[in-house]
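[1] Here you go, sequence then predicted model.
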Amino acid sequence: MSEPDQADENRISTDILKVKEVENSYINSAKERMFDVINLLVTNAEGTVSLSDFSQIFKTVTVWIKFRPRKLGTYVEVMKERSTASTISVRYSSDEYIPHVKEVLRDHNIRVKSIAQNVMVCQIPKPSDQDIDIAVQKIRVLASTARSSLSQVKADTIQRLQAALKNEYLEVKDVKFAMTSIEKVEQQMAAMLTYFRLECEKKLSGRKFEFDTPEAKSLWATVDKKIKKNGYVEI
């Protein structure tokens, strides 16, 4: 299996969350927008939060090449698409940069495993407890922002419903039903947001993972039980 395939296989999938369509277009729209918020959380957590981000280690390093100062990052790059949880691949444009590359790697406790065709495959050190704590906090910040986005979707939808009632596009009973439904949808989506936040934390923390609150542990267990029973959660 190729590395990109492995990366795809290890991604946290939001496919277990199914959005059920109903007759009310306002409710459907709110559900879809809330699902997008959750999807974005997972994408951002997996795409921007890492235990050890080595992608920039060559950017600020200045070296002397032919008696002139040069930014090493101009000639050397970390290949993100070929990096894994335990290795990074470093591409360099010429062999003359190898000593400089190795010096930077040593400074970051990164060991070279192999060199071929202007690419170094390197073993990265195990993350420290501090690395894990920092990464988890970044995910929680993303989740907090996403939670605010869910509330904003609800508020926007309620505002649209109130405008529709005022303009006599909808009847009172329909607006009341939609508002009650959207309140419930937001609560359900918030629970799924917490579930996916915890899944992202588990993926990063590994055996060091801990639930941050008893409530979060209980919620995760409830959702996980539904997934094991049905294969998905429908909202």
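    Looks like it came in fine. Numbering: from 1, shown residues only.
[2] going forward, measure contacts and count neighbours with C-alpha atoms only.
    Will do.
[3] what's the nearest residue to the residue most central in space within the chain if we skip its chain neighbours?
    For the chain, the residue nearest the mean C-alpha position is A45 (1.8 Å; C-alpha atoms, centre = their mean). Spatial nearest neighbour of A45, excluding adjacent residues (C-alpha to C-alpha, 6 or more residues apart in numbering): I139 at 5.9 Å.
[4] Please apply the same query to M79.
    Nearest residue to M79, sequence neighbours excluded (C-alpha to C-alpha, 6+ apart): S89, at 5.4 Å.
[5] Is it correct that the one you found is in contact with V101?
    No. Counting by C-alpha atoms under 8 Å, S89 sits too far from V101 to count as a contact (11.8 Å).
[6] any idea which helix is longest in this protein?
    helix 129-166 (DSSP state H).
[7] Only the buried residues of that one, if you could.
    131-133, 135-136, 138-140, 142-143, 146-147, 149-151, 153-155, 157-158, 161-162, 165 (16 or more other C-alpha atoms under 10 Å).
[8] Which strands or helices does that helix pack on?
    helix 25-48, helix 172-205 (3 or more C-alpha pairs under 8 Å, 6 or more residues apart in numbering; DSSP states H and E).
[9] Give the buried residues for the shortest one.
    Going by neighbour count (16+ other C-alpha under 10 Å), the buried part of helix 25-48 is 26-28, 30-31, 33-35, 37-43, 45-46.
[10] repeat for stretch 209-217
    F209.
[11] contacting residues around that stretch?
    194-195, 198, 201-202 (C-alpha atoms under 8 Å, 6 or more residues apart in numbering).
[12] rerun at 10 Å
    Among residues not part of stretch 209-217, those counted as contacts by C-alpha atoms under 10 Å, 6 or more residues apart in numbering are 132-133, 136, 191, 194-195, 198-199, 201-203, 218-222.
[13] which of those lies closest to M179?
    Nearest to M179 out of these is A191 (C-alpha to C-alpha; 18.6 Å).
[14] tally of neighbours for that closest one?
    A191 is flanked by 18 other residues according to other C-alpha atoms under 10 Å.
[15] same thing with the one 3 residues further on?
    Here the neighbour count serves as a burial measure; for T194 (other C-alpha under 10 Å) it reads 22.
[16] For I65, see how far away it is.
    Using C-alpha to C-alpha, to the nearest Å, T194 is found at 51 Å from I65.
[17] likewise N39?
    Distance, N39 to I65, by C-alpha to C-alpha: 46 Å.
[18] What of V153?
    55 Å.
[19] Since that was my last question, I'll sign off now.
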